[in-house]
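> Below are the sequence and a predicted model; questions follow.
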Amino acid sequence: MSYQAEYSKSIETPEQFWGEKAQAVEWFKQPETILSQDENGIYRWFADGELNTAYLALDYHVENGRADQDALIYDSPVTDTKRRYTYRELRDEVAKFAGVLKAQGVEKGDRVVVYMPMIPEAVIAMLAVARLGAIHSVVFGGFAPHELAVRIDDAEPKVVVTASCGIEIAKVIPYKPMLDEAITKSAHQPDSCIVFQRPEVEAEMVAGRDIDWQEAMATAEPADCVPVKGTDPLYILYTSGTTGKPKGVVRDNGGHAVALKYSMKSIYNIEPGEVFWAASDVGWVVGHSYIVYGPLLAGCTTVVYEGKPIKTPDAGAFWRVCEEYKVKALFAAPTAFRAIRKEDPDSEYLKPYDLSGLETIFMAGERLDPPTYHWTKDTLGKPVVDHWWQTETGWAICGNLTGVEMKEPKAGSSTLPIPGFNVQILDSAGQELPNGEQGSIAIKLPLPPSCLPTVWGDFERFRTGYLSEYPGYYSTGDGGYKDEDGYVFIMGRTDDVINVAGHRLSTGEMEEIVAGHPAVAECCVIGVNDPLKGQQPVGMVLIKNGVDVDEDELEAELVGMVRKEIGAVACFKKAIVVQRLPKTRSGKILRKLLRQIADGSEYSIPSTIDDPASLPEIEEIMDRHGLVTS
């Protein structure tokens with residue numbers, strides 16, 4: 001089937017389309033109601049079906065000939081450890097840990113918070129919770145106690161599962177003291193905490209509350225899979241909210257399983273038995289969908305990597321993993337490839353490795369700028385697929401269906417809407433804009449399977465945050481346009497559009513131009529307050545390693561490039577060199593924070609920041625250049 005036929009069917013007859021895709025899932029009770037509406041008027045998928053996601057990810061494959069195939073490969077350059085689990089071995093570990101949780105009173109519908117590093121036990125914990133029909137909420141390992149406490153109070157877990165430490169480049173981060181402090185701060189108190197002791201740090205245990213993972217597993221009775229409804233929650237995943245209080249995105253079991261299994265073939269062109277590597281973290285939605293659930297639902301082998309794209313030990317780390325495990329598809333954020341490019345601009349670390357088995361590179365998590373797209377494509381000689389999605393959707397909204405019909409990519413575009421996503425570009429009045437005009441990106445209801453049906457414990461926040469701006473649509477909060485071929489270009493969050501003397505300009509468009517300079521490794525453009533023009537764009541650039549440039553000359557060249565491509569109306573006159581940019585742990589540049597610093601307004605350091613020490617440095621540079629409004 002062609003892309004257009006597949007997509008049209010999904011939009012015109014969604015019940016028939018998704019009813020057929022649901023046949024690929026082994027239900028305990030086949031759903032008869034494909035699409036319905038709940039008491040809040042929200043569309044729901046497969047409401048009367050019964051299944052268990054952990055069964056689909058493990059037991060089903062053990063029972064159908066994949067028991068001895070690798071399910072999970074663990075590769076940890078930071079601890080010099082490698083380990084493989086077959087489907088049978090992983091199923092047995094998950095069943096035993098489900099027994100540990102069951103012994104602590106965890107039942108269907110209970111919540112379990114998982115606060116762990118990138119180790120197999122994190123995956124085992126997630127699947128064990130799902131096996132019991134309970135709901136996991138994974139909190140990124142190393143989150144500050146306050147942020148962890150907020151999530152504990154919101155999810156109200158019966159049990160928290162953690163490890164004694166996480167390991168970063170050249171440093172060990174004890175987790176247990178942070179968890180203990182978080183529990184002290186939180187009003188809700190979990191019944192127990194299960195602690196996986198790592199050899200690098202031994203955690204101190206709280207008598208009567210804390211349980212040693214290894215000791216509990218030694219005597220655990222395996223637990224069976226508990227059937228749940230298609231609309232029962234599988235997990236809660238917190239994402240940052242505009243109010244400062246994180247939003248608990250709810251993912252249901254049925255729609256999630258159907259969409260992710262469909263996506264593994266249609267988007268990623270991955271067949272059962274092949275190796276798929278999402279170089280992310282289980283604390284993020286990419287880790288949930290494509291380290292844990294997607295590959296295992298599809299009968300593939302997934303890679304759990306405890307390391308970085310550089311410095312563990314070098315900029316060849318990704319290429320080594322791809323060669324060693326015969327990875328067919330690699331999925332990572334653009335920031336990973338920018339880091340590799342900056343560290344190894346001539347690709348010396350690529351030369352020793354044979355990447356003939358690697359077919360496609362997928363990128364998401366932030367806007368893929370054309371220079372990074374071209375560098376990756378030219379350096380590796382492989383197709384690079386940019387796709388766009390959100391924590392809220394759980395899988396791609398726009399992308400390239402490499403397993404259906406591979407479309408010709410366009411740099412800067414996430415290609416076409418994925419089947420089920422009726423993507424439209426709207427003006428401020430909610431009217432659809434013609435191709436070529438920028439506006440707000442919205443998705444016409446119903447959303448396809450896997451998308452959030454609510455925010456945990458706060459439906460009104462879900463309604464006002466996503467459904468109220470454009471009635472009948474889900475508002476993505478992103479801006480962009482479609483070109484004459486219908487390709488979607490994401491230009492950034494709608495608040496990344498700046499107003500210069502009445503002209504609405506995209507900072508993403510300016511970033512494309514600045515990033516195209518041969519000396520620039522990475523950049524961002526923000527709008528700072530200007531008494532005359534309202535806002536004025538300012539570029540911040542990182543220089544490639546080993547490149548020697550005069551900063552004033554570079555600024556003049558960048559200003560000239562933006563003026564040539566956009567025109568004098570952009571008023572782009574300042575580009576300053578910085579040593580680093582404040583980012584989240586998933587690699588997104590904290591543009592809003594940079595704007596707040598420039599505006600001289602109060603700001604709170606987000607829990608997701610990777611390097612808080614970058615902020616004083618940035619403030620000092622911005623102040624020195626006269627960018628901070630007093």
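Structure received. Bear in mind the structure is a predicted one, so any value in this text is a computation, not a measurement. Numbering: from 1, shown residues only.
> My read is that Ile124 contacts Ala95, right?
No - using CB atoms under 8 Å, Ile124 is not in contact with Ala95; the gap is 9.9 Å. For every residue, glycine as well, the C-beta is placed using N, CA and C.
> Between these two, which is the more surrounded one?
With neighbours defined as other CB atoms under 10 Å, Ile124 and Ala95 compare such that Ile124 has more, 25 against 22.
> can you tell me which helix or strand the more buried one belongs to?
Ile124 belongs to helix 120-131 when elements are defined using DSSP states H and E.
> Output that helix in PDB with nothing but the alpha carbons.
Presented in PDB, the C-alpha positions along helix 120-131 are these (Å, rounded to 0.1, in the frame of the first residue of the first chain):
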ATOM      1  CA  PRO A 120      18.400  -3.600  32.600                       C
ATOM      2  CA  GLU A 121      16.800  -3.500  36.100                       C
ATOM      3  CA  ALA A 122      15.000  -0.300  35.100                       C
ATOM      4  CA  VAL A 123      13.400  -2.100  32.100                       C
ATOM      5  CA  ILE A 124      12.600  -5.200  34.300                       C
ATOM      6  CA  ALA A 125      10.900  -2.900  36.900                       C
ATOM      7  CA  MET A 126       8.800  -1.200  34.200                       C
ATOM      8  CA  LEU A 127       7.600  -4.500  32.700                       C
ATOM      9  CA  ALA A 128       7.000  -6.100  36.100                       C
ATOM     10  CA  VAL A 129       4.700  -3.300  37.000                       C
ATOM     11  CA  ALA A 130       2.900  -3.700  33.700                       C
ATOM     12  CA  ARG A 131       2.700  -7.500  34.300                       C
END
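> Could you list every helix and strand in contact with it?
Applying 3 or more CB pairs under 8 Å, 6 or more residues apart in numbering; DSSP states H and E, one finds that helix 120-131 contacts helix 53-54, strand 70-76, helix 87-103, strand 111-115, strand 135-138, strand 159-163, strand 233-239, strand 301-305.
> which stretch among these comes nearest Asp38?
Nearest to Asp38, of all the helices and strands packed on helix 120-131, is strand 233-239, at 12.8 Å by CB to CB.
> Centre of the chain to the strand or helix carrying Val286, how far?
Using DSSP H and E, Val286 sits within helix 285-287. Distance, stretch centre to chain centre, for helix 285-287: 4 Å (CA atoms, centre = their mean, to the nearest Å).
> What residues sit buried inside it?
Val285, Val286, Gly287 (16 or more other CB atoms under 10 Å).
> Show me the contact partners of it.
138, 237, 239, 249, 278, 280-281, 331, 333, 364-365, 389-391, 394, 586 (CB atoms under 8 Å, 6 or more residues apart in numbering).
> Which of those sits closest to Thr79?
Using CB to CB, those come closest to Thr79 at Asp281, 15.9 Å.
> Tell me if that closest one really is in a helix.
No - counting by DSSP: H, G, I helix; E, B strand; the rest coil, Asp281 falls outside a helix, being coil.
> for stretch 500-514, which positions count as buried?
Buried residues in stretch 500-514, counted by 16+ other CB under 10 Å: Val500, Leu505, Ser506, Thr507, Gly508, Glu509, Met510, Glu511, Glu512, Ile513, Val514.
> Endpoint to endpoint, stretch 198-211 covers what distance?
This stretch, stretch 198-211, spans 14 Å end to end (CA to CA, to the nearest Å).
> Quick one: mean pLDDT over it.
For stretch 198-211, mean pLDDT rounds to 97.
> likewise stretch 229-246?
Looking at stretch 229-246 alone, the average pLDDT works out to 83.
> end to end, how far does it reach?
So stretch 229-246: terminal residues 27 Å apart, CA to CA.
> for stretch 322-336, same thing?
Terminal residues of stretch 322-336 are spaced 15 Å apart (CA to CA).
> I'd like the helices and strands packed on helix 120-131 as TSV, with distance to Gln30 appended.
Converted to TSV, the helices and strands packed on helix 120-131 look like this (distance: least, CB to CB, whole Å):
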stretch	distance to Gln30
helix 53-54	16
strand 70-76	26
helix 87-103	23
strand 111-115	28
strand 135-138	24
strand 159-163	33
strand 233-239	19
strand 301-305	27
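> Would you mind saying which of the ones you listed lies nearest Pro227?
Comparison of the helices and strands packed on helix 120-131 against Pro227 by CB to CB identifies helix 53-54 as nearest, at 10.8 Å.
> on contacts alone, who are the packing partners of that closest one?
helix 120-131, helix 253-266.
> Output those helices in TSV; the columns should cover distance to Ser347 and mean pLDDT.
Below are the helices and strands packed on helix 53-54 laid out as TSV (distance: least, CB to CB, whole Å; pLDDT from 0 to 100):
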stretch	distance to Ser347	mean pLDDT
helix 120-131	32	98
helix 253-266	30	98
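> Any chance of the ones you listed in CSV with distance to Glu620 as columns?
Listed next are those as CSV, based on distance: least, CB to CB, whole Å:
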stretch, distance to Glu620
helix 120-131, 38
helix 253-266, 45
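> For Arg198, which of the ones you listed is the nearest?
helix 120-131 (9.3 Å).
> angle of that closest one against strand 159-163?
Orientation of helix 120-131 against strand 159-163 (axes from the mean of the first three to the mean of the last three CA atoms, to 10 degrees) gives an angle of 160 degrees.
> Closest one of the contacts of helix 285-287 to Tyr349?
The closest of those to Tyr349 turns out to be Ala333 (CB to CB; 19.1 Å).
> ok, that closest one - contacts?
Ser280, Val286, Met363, Ala364, Gly365, Glu366, Ser586, Gly587, Lys588.
> out of those residues, who has the most neighbours?
Greatest neighbour count in the contacts of Ala333, by other CB under 10 Å, goes to Ala364: 27 neighbours.
> how near is it to Asp386?
Between Ala364 and Asp386 the distance is 7 Å, computed by CB to CB, to the nearest Å.
> what's the burial count for Glu39?
Residues near Glu39, counting by other CB under 10 Å, number 6.
> For it, what are phi and psi?
phi -60, psi -20 (degrees, to the nearest 10).
> and the angle from the helix holding Ile124 to helix 253-266?
Helix 120-131 and helix 253-266 are oriented at 130 degrees to each other (the same axes, to 10 degrees).
> now helix 120-131: how far from the chain's centre is it?
Distance, centroid of helix 120-131 to centroid of chain: 19 Å (CA atoms, centre = their mean).
> quick check: angle from it to strand 233-239?
Using the same axes, to 10 degrees: helix 120-131 against strand 233-239 is 130 degrees.
> contacting residues for the residue nearest to Thr402 when sequence neighbours are not counted?
Distances taken as CB to CB, 6 or more residues apart in numbering put Asn269 closest to Thr402, at 4.3 Å, once the chain neighbours are dropped. Neighbouring residues of Asn269 by CB under 8 Å, 6+ apart: Ala329, Glu359, Thr360, Thr402, Gly403.
> Contacts only, for the last one.
Contacts for Gly403 (CB under 8 Å, 6+ apart) come out as Lys265, Ser266, Ile267, Tyr268, Asn269, Ile270.
> The second one too?
For Glu359, the contacting residues are Asn269, Lys328, Ala329, Lys382, Pro383, taking CB under 8 Å, 6+ apart as the criterion.
> mind showing which ranges of the chain have poor pLDDT?
Applying pLDDT under 70 to the chain flags residues 240-244, 495-496, 501-504, 532, 629-630.
> Domain-wise, how is it divided?
86-226, 501-624 (automatic domain parsing).
> Tabulate those (a markdown table), appending distance to Ser440.
Formatted as a markdown table, the domains of the chain follow (distance: least, CB to CB, whole Å):
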| stretch | distance to Ser440 |
| --- | --- |
| domain 86-226 | 29 |
| domain 501-624 | 12 |
